[in-house]
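Q: Provided below are the primary sequence and the corresponding predicted coordinates.
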Amino acid sequence: MANTITEIDIIIRLLLAFAAGSVIGFERSSRRQVAGLRTHTLISLGASCLMLLSIWLPQHLGDGDPGRIAAQVVAGMGFLGAGAIIKLGNSIRGLTTAASLWLTAAVGLTIGAGMFLTAGIVVVLALITLIFMHFFERKIFPEDNWKK
């Protein structure tokens, strides 16, 4: 089969997933978020591994739906992300962390599927969102106008 994933493909995809998760996790750690470098790296790596498995199984067993495992990763990340959300009085914390965990899983799945350009663009846009939009948001909506 010409489109069979080789061991070199697997290594490259896992290393890229490791790097992508690390970059996003580094940004989260720099903001002292509980789900930081290690969490995001493991999620991206795990999602990529599961996507590779999802592609590999039909190639070697002859039958199967490559989308099934990916769909379960998406659902599972929703559950894990919900655990990152904390309600403190009238305030809710952790929504951005939950979203970044979900996005990191999507990046891992994308890399596992071999869509490197897509994953790279998503990582860059995620970093722009997490780093630069934070400053932009605070400038437009000053801290004193936020509900405590």
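A: Perfect, I can see it now.
Q: what is the three-state secondary structure of the residue minimising distance to the centre of the chain?
A: Ranked by distance to the mean C-alpha position of the chain (C-alpha atoms, centre = their mean), the top residue is residue 104 at 0.5 Å. Under DSSP: H, G, I helix; E, B strand; the rest coil, residue 104 falls in the helix class.
Q: the strands in this protein, which residues?
A: With strands called from DSSP state E, the chain shows them at 86-88, 91-93.
Q: could you dump those strands into TSV and include distance to residue 23 and mean pLDDT?
A: Just so you know, the C-beta spots here come from the backbone N, C-alpha and C atoms, and that holds for glycine as well. Formatted as TSV, the strands of the chain follow (distance: least, C-beta to C-beta, whole Å; pLDDT from 0 to 100):
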stretch	distance to residue 23	mean pLDDT
strand 86-88	25	74
strand 91-93	23	77
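Q: ok, which of these comes nearest residue 26?
A: Proximity to residue 26 (C-beta to C-beta) singles out strand 91-93 among those, at 20.2 Å.
Q: from the chain's centre, how far out does the closest one sit?
A: In terms of C-alpha atoms, centre = their mean, to the nearest Å, the centre of strand 91-93 is found 22 Å from the chain centre.
Q: mind giving me the packing neighbours of it?
A: strand 86-88 (3 or more C-beta pairs under 8 Å, 6 or more residues apart in numbering; DSSP states H and E).
Q: number of nearby residues for residue 143?
A: Close neighbours of residue 143, defined as other C-beta atoms under 10 Å, add up to 7.
Q: re the thing from before, residue 72: which of the strands of the chain is closest?
A: Comparing the strands of the chain by C-beta to C-beta, strand 86-88 comes nearest, at 25.5 Å.
Q: partners of that closest one in the sheet?
A: strand 91-93 (antiparallel) (DSSP bridges).
Q: just to revisit the earlier point, in JSON lines: the strands of the chain, plus distance to residue 64 and mean neighbour count.
A: Listed next are the strands of the chain as JSON lines, based on distance: least, C-beta to C-beta, whole Å; neighbours: other C-beta atoms under 10 Å:
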{"stretch": "strand 86-88", "distance to residue 64": "39", "mean neighbour count": "10"}
{"stretch": "strand 91-93", "distance to residue 64": "40", "mean neighbour count": "11"}
